[in-house]
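Asks: What would the 3D arrangement of this be:
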Amino acid sequence: MGKAIERIALSRGHDIILKIDLDNSADLTKENLSKADVAIEFTGPSSAAQNLLKCANAGIPVVCGSTGWLEQYPVIKQAFEKNESAFLYASNFSIGVNIFFEINKKLAHLMAPHPEYSVEMREIHHTQKRDAPSGTAITLAEQVMAEVPGLKNWVNRPSRDAGELPIISERLDPAAGTHSVKYYSAIDDLEIIHTAHSREGFAGGAVLAAEFIQKKKGIFSMKDVLGF
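Replies: Residues are numbered from 1 along each chain as shown. A predicted model of the protein is given here:
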């Protein structure tokens, strides 16, 4: 993702003034961050929150695509608000996926009055993805549960419990990312699917989001970027 984001940012006329990875994490200082207009954070569950706090304390707007750290979201949000900076988190930056989110909400609303249908989800990613289910799958699941009565929680396994929304996770190379939401009954099935062909869509959306939040203050989402 980092390489894809860098390639697209450069193609759109931006300068990359700092790159942080496992080998130079000590360089993520307030002094170095002050040279940037905006930061894009795509690391992992173990490092994301700490990186975000450093950026917040430096007053640098941040676009974050890391997943698996959201239990610390209230603290991160408060830090950006306190420092009067901008923060935008998304479980997925792809324009197609964000349209898929809107379709998923609408479909769940339409299916809610029909208890004869059960629902299940599936997500497929490359083997280097550390968290399961994906952040995108969790977002989709939360949207479904907000509309469909009786669903109390999602589980990352097959389930026939009426109160559980099963999410099946697969890790296969070189899958860039596939998400499906399926409603099924004894009469028929109805399924929506989004399949990414590469990481370019995610990277392009992240750069678009970075362009959007620079010089802004507040907490944003991809709905703001895309005008939904």
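Asks: Show the model's pLDDT score for the residue sitting nearest the centre point of the chain.
Replies: In the chain, the C-alpha nearest the mean C-alpha coordinate belongs to S91, at 0.8 Å (CA atoms, centre = their mean). The per-residue pLDDT reported for S91 equals 86.
Asks: got it, and K215?
Replies: The model's pLDDT for K215 equals 91.
Asks: Identify the residues contacting it.
Replies: Under the criterion of CB atoms under 8 Å, 6 or more residues apart in numbering, the contact list for K215 reads D37, P61. All C-beta spots, glycine's among them, are computed from the backbone N, C-alpha and C.
Asks: The residue nearest to the centre of the chain and A108, how far apart?
Replies: Counting by CB to CB, to the nearest Å, the gap from S91 to A108 is 17 Å.
Asks: ok, now A162?
Replies: With distances defined as CB to CB, the gap from A162 to A108 amounts to 16 Å.
Asks: quick one, which of those two is more surrounded?
Replies: Taking A162 and A108 together and counting by other CB atoms under 10 Å, A108 has the greater number of neighbours (20 against 10).
Asks: For the residue nearest to the more buried one when sequence neighbours are not counted, give me phi and psi.
Replies: For A108, ignoring the flanking residues on the chain, the nearest one in space by CB to CB, 6 or more residues apart in numbering is E147 at 3.8 Å. Comment: the main-chain dihedrals of E147 come out as phi -110, psi -40, following degrees, to the nearest 10.
Asks: The one 5 residues further on too?
Replies: According to degrees, to the nearest 10, the main-chain angles of K152 amount to phi -100, psi -30.
Asks: and it, what does it touch?
Replies: Under the criterion of CB under 8 Å, 6+ apart, the contact list for K152 reads M145, G163, E164.
Asks: Closest one to T195 out of those, please.
Replies: Nearest to T195 among those, counting by CB to CB, is M145 at 23.5 Å.
Asks: returning to that earlier point: what subset of the contacts of K152 is buried?
Replies: When the contacts of K152 are checked for burial by 16 or more other CB atoms under 10 Å, the buried set is M145, E164.
Asks: For the contacts of K152, could you give me a markdown table that also reports secondary structure?
Replies: Converted to a markdown table, the contacts of K152 look like this (DSSP: H, G, I helix; E, B strand; the rest coil):
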| residue | secondary structure |
| --- | --- |
| M145 | helix |
| G163 | coil |
| E164 | strand |
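Asks: hang on, isn't A58 packed against S34?
Replies: Yes - taking contacts as CB atoms under 8 Å, A58 lies within contact range of S34: 6.2 Å.
Asks: Compare neighbour counts for these two and give me the winner.
Replies: When neighbours are counted by other CB under 10 Å, A58 comes out ahead of the other of A58 and S34, with 19 against 10.
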